[in-house]
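Enquirer: Give the three-dimensional model of this entry:
(2 chains)
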There are 2 protein chains.
Amino acid sequence: MSKHKEARASEIERLVRRAATSSGVITLGGGLPAESQFPRSALAASFLRVVTRHNPSALQYGWAEGLAPLREWIARRLRARGASVSADDVIVTNGAQQAIAIAADLLVRPGQAIAVEPETYPAALDLFRARRLKVVSLGHGRASYVLPLVGNPGGRPLSSEARAAVARGSSPIIEDDAYGELRFISKAPPLFLAERRSRTFYVGTLSKTLCPGLRVGWLIPPASRRKGALRLKASGDLQANSLTQAVAEDYLARTDYDERLSQLRRFYGARAERLAAAVHRWLPGWRFQYPEGGFSLWLTTDAHVDEARFLKAAIAEGVSFDVGSMFEAQPSTANTDQPTRLRLCFSFVRAQDLATGVRRLATAWNRVARSARSKRRRPEGRRGEQG
Amino acid sequence: MSKHKEARASEIERLVRRAATSSGVITLGGGLPAESQFPRSALAASFLRVVTRHNPSALQYGWAEGLAPLREWIARRLRARGASVSADDVIVTNGAQQAIAIAADLLVRPGQAIAVEPETYPAALDLFRARRLKVVSLGHGRASYVLPLVGNPGGRPLSSEARAAVARGSSPIIEDDAYGELRFISKAPPLFLAERRSRTFYVGTLSKTLCPGLRVGWLIPPASRRKGALRLKASGDLQANSLTQAVAEDYLARTDYDERLSQLRRFYGARAERLAAAVHRWLPGWRFQYPEGGFSLWLTTDAHVDEARFLKAAIAEGVSFDVGSMFEAQPSTANTDQPTRLRLCFSFVRAQDLATGVRRLATAWNRVARSARSKRRRPEGRRGEQG
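Expert: Down below sits the predicted model:
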């Protein structure tokens, strides 16, 4: 990262951290699940059961691959989705991020290339950059990293062209299915895990559908790569959390998970509608594709404004968001011809705060966009009129 | 690893796993803490408090560096031990292993050398080998990895020569203090963190003193390396477990931790005495140095026997142990002139099983050692007479 980019990244992080601790700020960034949907009392009951259980003890060390009944639950659900998976294929990880990291470490060496969508999950980009991988577009690279069913930030499936580019050839696929079961629309493309088992590294998690604090994710590597993946897991941090694996396993054994998913889909689907309506009303010049699932909208504004400046103005109005450059494989923020982009999450804040948040965002936007336009001292075009 | 070594390593793993699930086998291997010492009800009470707490939510995502009050507790305890540390210096990790991995990844590139004690923590050796580092002796290498206060497997502090070799020069020190507060003898050498702050990567954990299932460890890098360390943590798996950090923090805030440590020292000290006495009685030809802390004895037998064969015989008698090659920086198991070595843990099994375990071990040993000696068909020397 250049000095300038680094300084801006730190400034943005500082702003986001400050906003997170200000009670007056409506958080439309962050990609956090709704805390109202955490099954607190059921998890507490599970905890009380497992903490008093002695064999295997939830407080003791466990095996690197994770708890057997939890792996069986994971495998069973994937079999129901058409994939040929057994419990022995599953490695439990500290959330999806560690699963992505293990797959990337196995597949791509520093200096080599990994292919991603034009906009993708920021922590995966951070990981690839921290490992000094080259980030390239789909169809190239030693391996591809994709969110095929529900993308992040846009909440849309991989386009058929992008799918074809990934499916073609023989390079490994890291399939991040974090939001895959949170589609508002039931029709879903098949999993790469089902169609391309021998070259798919499947990544799953309970973070979006249960809660992130448990840090329970999983990696399903091709059978030929299981040993190498498990060695990276074991040498990296021995094992996933014994206690929260046991809590999750106990909870899942007593829960109708499909019913829970239906309920979550309705919940987040209604939130998506509400946020979309607020954007249409308060920021009619902004464009987005309606999401098919997930937690967020990916928006293109109607002017170019420095995103740190916009974020600062937004926080001053009492709202925060995720700056677009976080998601861009090839950040284009310096390109003043390209309108500023951003992610807005409908998942975390209370439903009644969504419209207020967008209204505040519009106030901040109208101020910074107007001043950006007047600074550029040139006739304003169509986009300007819409602002 | 050679094909042969790999095959033997898998055989040993298979034996250990089978033994772990056989209720009749007394486990003198593994390095696990005593489950009787886990504060189950206090942890359950802490869980119930934190799971219902909303801000910050223990079920939600958290910051990469970990929970602030937990980091403050860690820093305070280290200040009391003479180190200049603030909460901002601390990065909470998934147990000590991840802290070691982050430090190693920052300091030593594949192909470069890391210096270790002749016998050391097996998972650190696994990590260094998985990362393709060269493992060399202290005084050499790009960085040193040491357990200065209480070694593993031997439970003894670093010798003064070894300490001097590490302290000399300017290369970074990874100081693994996992057992540092579990010394039976109160007089302890100072921490490298206190004496060599600017080049020490300090590694701590709650796994030995509270319980491993929480997966709460920490890394304190030199101030100049904090940013790089935090980036590896964040990109590797985002953050340590929100829930178990919150449980640990709540528990620690209500616990007299020094009193807990005194109690644990008495408990494990008495176990050490019991195991040492049993070895003296049943295997008088074996040698070991009395431990000053930790969970185990490091023993040298009185003959060379293939360790997998010995382990198999031991499990058949109803006892398991840790084979010596796991701990050796330069495994010497093929050297038939060197007596077989092993680790025995006094930490995990019930006190009354220690003597029985050693008696069974002696039965197995006497059988395999006698047959090994007769196979070699040569006059037996002094060592043979002791068996």
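Enquirer: need the contact list for residue A:372.
Expert: Contacts were defined as C-beta atoms under 8 Å, 6 or more residues apart in numbering or on different chains; by that measure residue A:372 touches A:303-306. No exception for glycine: its C-beta is placed from N, CA and C like everyone else's.
Enquirer: Based on its surroundings, how many neighbours for residue A:169?
Expert: Using other C-beta atoms under 10 Å in any protein chain shown, residue A:169 is surrounded by 10 other residues.
Enquirer: now the one 5 residues further on
Expert: As a burial measure, the neighbour count of residue A:174 was computed by other C-beta under 10 Å and equals 28.
Enquirer: ok, now residue A:282?
Expert: 18.
Enquirer: That one contacts residue A:356, correct?
Expert: No - applying C-beta atoms under 8 Å as the test, residue A:282 and residue A:356 come out as separate, 10.0 Å apart.
Enquirer: show me what contacts residue A:92?
Expert: A:65-67, A:70-71, A:74, A:216-218, A:239-240, A:245 are the contacts of residue A:92 under C-beta under 8 Å, 6+ apart.
Enquirer: same thing with residue A:28?
Expert: Contacts of residue A:28 (C-beta under 8 Å, 6+ apart): A:275, A:319-321, A:344-346, A:349, A:354, A:357-358, A:361.
Enquirer: Could I get the full set of helices for chain A?
Expert: A:3-21, A:40-51, A:68-80, A:95-107, A:122-130, A:160-167, A:192-195, A:226-237, A:242-253, A:257-282, A:307-317, A:351-376, A:382-386 (DSSP state H).
Enquirer: quick check: angle from the first one to helix A:307-317?
Expert: This points to helix A:3-21. When axes from the mean of the first three to the mean of the last three C-alpha atoms, to 10 degrees is applied, the directions of helix A:3-21 and helix A:307-317 differ by 20 degrees.
Enquirer: Buried residues in helix A:3-21, which are they?
Expert: Buried residues in helix A:3-21, counted by 16 or more other C-beta atoms under 10 Å in any protein chain shown: A:8-9, A:12, A:15-16, A:19.
Enquirer: and the residue lying closest to residue A:58 once chain neighbours are set aside, how many neighbours does it have?
Expert: In this structure, residue A:58 finds its nearest non-sequential neighbour in residue A:246, 3.7 Å apart by C-beta to C-beta, 6 or more residues apart in numbering or on different chains. Neighbour count of residue A:246, defined by other C-beta under 10 Å: 25.
Enquirer: now swap in the one 5 residues further on and tell me
Expert: Each residue near residue A:251 was counted by other C-beta under 10 Å, and the total is 22.
Enquirer: Show the contacting residues for the closest residue in space to it that isn't next to it in sequence.
Expert: Leaving aside its sequence neighbours, residue A:251 sits nearest to residue A:46 (C-beta to C-beta, 6+ apart; 4.4 Å). Residues near residue A:46 by C-beta under 8 Å, 6+ apart: A:246-248, A:250-251, A:254.
Enquirer: ok, now residue A:260?
Expert: Residue A:260 is in contact with residue A:209, counting by C-beta under 8 Å, 6+ apart.
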